[in-house]
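> Structure for the following, please:
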Amino acid sequence: MLNLYTQAQGNAQNVFNFYLTFVTTVIGAIIVIAQAAPGNAAWTLAGVLFFAVIVGSVYLSALSGRYAHAYRYARAVDELRRFLIQRLNVPVPAGYQPFLSGGNRAAQGRAAWFYWLFPTGTYQMFIAVVNSTALAAAAGLIFVQADAAGARQIVAMVLVFVLTLSVSNIYSHLVIQRFAGRLGVDLWNDSPAWASRE
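Next comes the predicted model:
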């Protein structure tokens with residue numbers, strides 16, 4: 001189980017590395033487009049940013065699936081540890097009592113609603129921030145082309161950023177909850193969704 005956990009963490013790192021390569025390419029494309037046609041490139045730049053958001057969403061799904069598998073493997077190791085400690089009556093320090101009683105699981109069950117608005121990990125947070133920024137910038141470009149007032153542009157960009165970031169975090173939590181909700185006997189084949197696949 002520990003090897004599977006380490007493999008899932010490595011897979012998450014690989015997904016993030018591919019995403020960084022993609023973001024670097026998109027930034028290069030934006031710079032080239034902005035230099036090639038500085039006055040007429042707004043719609044093209046907005047299209048590139050929308051494309052970046054769509055691809056970023058796919059990477060976010062894949063990364064959340066990897067997080068879910070890592071969580072499932074860690075949970076399986078914890079369950080095995082609890083079982084062996086209790087079954088073999090292994091003496092443990094007092095600090096292990098919350099672990100043995102499943103205190104962490106109870107705390108997760110009582111998590112407040114705002115817990116869903118926080119990122120599930122640093123990689124997911126980075127992807128969500130980049131996607132939100134790209135979508136907010138695309139909205140700003142559209143407002144510029146519509147000759148909207150400056151205050152409306154800023155308000156629209158901030159709203160799009162905050163909403164997109166919140167939706168990304170909630171979505172990541174839902175994916176992880178869906179895939180990691182049950183331990184399952186066959187840890188390889190009980191998550192049929194495409195986001196959890198290699």
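
> Residues touching stretch 160-172, excluding its own?
The contact list for stretch 160-172 (C-beta atoms under 8 Å, 6 or more residues apart in numbering) reads 53, 57, 60-61, 63-64, 67, 116-120, 124, 127-129, 131-133, 135-136, 139. (Glycine included, C-beta is placed from N, CA and C.)

> In ChimeraX, how would I select the buried members of the residues you listed?
To isolate in ChimeraX the members of these that are buried, counting by 16 or more other C-beta atoms under 10 Å, one can use:
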select :53,57,60,61,63,64,67,116,119,120,124,127,128,131,132,133,135,136,139
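
> taking the contacts of stretch 160-172 one by one, which sit in helices?
Judged by DSSP state H, the subset of those located in helices is 53, 57, 60-61, 63-64, 67, 124, 127-129, 131-133, 135-136, 139.

> Confidence-wise, which helix or strand of this protein is lowest on average?
Sorting the helices and strands of the chain by mean pLDDT, DSSP states H and E puts helix 103-109 at the bottom, at a mean of 51.

> how close does the residue sitting furthest away from the middle of the chain get to Glu79?
Relative to the centre of the chain, the most outlying C-alpha is that of Asn89, 39.4 Å out, by C-alpha atoms, centre = their mean. For Asn89, the distance to Glu79 (C-beta to C-beta, to the nearest Å) stands at 17 Å.

> Leu163 now?
38 Å.

> which regions of this protein sit below the pLDDT cut-off?
Across the chain, the ranges flagged by pLDDT under 70 are 38-39, 103-112, 180-198.
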